[in-house]
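1. sequence and computational prediction follow.
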Amino acid sequence: MDNKYDVVIVGGGPAGLSAGIYTARDKLKTLLIEKGIIGGKITEAELVDNFPGYPQGISGLELTGKMHQQATKFGLKELNAEVISVEVDNERRVVKTTAGDFIARALIIAGGSDWFKLGVPGEKELTGRGVSYCSTCDAPLFADKHVAVIGGGDTALFEALHLAKFAARVTVIHRRDEFRAFIAVQEKAFAEPKIELLLNTVVEAIEGQDVVQRLRLKRADSGKKYVLEVDGVFIAVGLKPNTDYLREVLPLDEQGRIIVDSGMRTKVAAVFAAGDIRSNSIRQTIAAAGDGAIAAITAKNDIEQ
């Protein structure tokens, strides 16, 4: 395949796909590189009910599938590969991947984030055997069982709500004394009779013989330790931006996200960032798509000057 493009986009979530729609539609030769599934993490959402234009809601997989179809209709090329590094040399942005090197006049980074891990004993050993990071993927495996959800943000409560459709009991465990999720999300979770809440509680270990059987917990306020018997645990404690390979190339904020201006420009000429990976993102699908459009339009204007 060709290795020279007007625009290379790293990441195939809503931000990357939106950028690809704009650049490909404007007849810029564009390559989108994605190491996983096209659509990104939103594909795990069973129902997205706050994206404009879908009053009845739409699954994340279907929503990004439509974006993908639209982008490829305009001529977007795509590659399944992992980006190893980026080099900037005068007019060239060289993207080094597991499938070779690609040269771009402009680079849009929209690589999203990966799940943070708890880092407790048993988490790694029991992943796939009761430890999960995706309720949409694994909830049916826990029909009529007791599961725990770890976290206090929107993602954790959405996970709990989805799991309540299958599980007999869902215990949400959060280390603080209040949740960080939007009030509307909290109200839905509090109204679900299958969901119970454990605040001020920390998970110290995940245990089980071959599969998850129990959690070792500690009260953050009193220090009291006890055991909770569960059949599965879903971890939703946040996201880590995929920027490790960029630390020597671009300025990052304290969370490791890429610092950009209002046009999604980074401090490096003709390198842009969009979506959850950029600083001050509100991490919503509609905002990521908007970021992608802004980055694409800014990139086109900059390289055509």
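-> Great, that's in hand.

2. what bridges to the residue nearest to E196 when sequence neighbours are not counted?
-> What sits nearest to E196 in space, not counting adjacent residues and going by Cβ to Cβ, 6 or more residues apart in numbering, is T171, at 5.3 Å. Just so you know, the C-beta spots here come from the backbone N, C-alpha and C atoms, and that holds for glycine as well. Taking DSSP bridges as the rule, T171 bridges to A148, E196.

3. can you name the residues in contact with stretch 280-293?
-> Residues external to stretch 280-293 that are found in contact with it (Cβ atoms under 8 Å, 6 or more residues apart in numbering): 13-22, 42, 48, 50-52, 60, 63, 67, 108, 110, 239, 257, 264, 274-276, 278.

4. hang on, the earlier thing: against V147, how distant is the residue nearest to E196?
-> Counting by Cβ to Cβ, to the nearest Å, the separation of T171 from V147 is 7 Å.

5. again with D244
-> Where V147 is concerned, D244 sits at a distance of 31 Å (Cβ to Cβ).

6. whichever of the contacts of stretch 280-293 end up buried, select them in ChimeraX.
-> Here is the ChimeraX command that selects the buried residues among those (16 or more other Cβ atoms under 10 Å):
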select :13,14,15,16,17,18,19,20,21,22,42,48,51,60,63,67,108,110,239,257,264,274,275,276,278
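
7. doesn't L32 make contact with V83?
-> No - using Cβ atoms under 8 Å, V83 is not in contact with L32, being 11.6 Å away.

8. quick one, which of the two is more surrounded?
-> When neighbours are counted by other Cβ atoms under 10 Å, V83 and L32 differ, and L32 comes out ahead with 27 against 22.

9. which residues does the spatially closest residue to E192 that is not a sequence neighbour contact?
-> Of all residues beyond its chain neighbours, the one nearest E192 is A164 (5.0 Å), with distances taken as Cβ to Cβ, 6+ apart. Contacts for A164 (Cβ under 8 Å, 6+ apart) come out as 170, 192, 194-195.

10. what of H146?
-> 167-171, 229-231.

11. and what of E159?
-> E159 neighbours (Cβ under 8 Å, 6+ apart): 135, 149, 151, 234, 236.

12. report the rounded mean pLDDT for the strand or helix carrying the fourth one.
-> Right, the one you point to is F234. Per DSSP states H and E, F234 falls inside strand 232-235. Per-region confidence: strand 232-235 scores 97 on mean pLDDT.

13. ok, the helix or strand that that strand is followed by: who's next to it in the sheet?
-> The helix or strand immediately downstream of strand 232-235 is strand 239-241, counting by DSSP H and E. Strand pairing for strand 239-241, determined by DSSP bridges: strand 113-115 (antiparallel).

14. report the buried residues of the strand it pairs with.
-> Neighbour-count burial for strand 113-115 [16+ other Cβ under 10 Å]: S113.

15. for stretch 218-226, which positions count as buried?
-> Neighbour-count burial for stretch 218-226 [16+ other Cβ under 10 Å]: K218.

16. and the contacts of stretch 181-190?
-> Around stretch 181-190, the neighbours that count as contacts under Cβ under 8 Å, 6+ apart are 152-154, 156-158, 160-161, 172, 179, 195, 197.

17. what's the burial count for the nearest residue to K300 once chain neighbours are set aside?
-> Take K300 and drop its neighbours on the chain: the residue closest to it by Cβ to Cβ, 6+ apart is D26, 5.6 Å away. A total of 16 residues lie near D26 under the criterion other Cβ under 10 Å.

18. sounds good, over and out.
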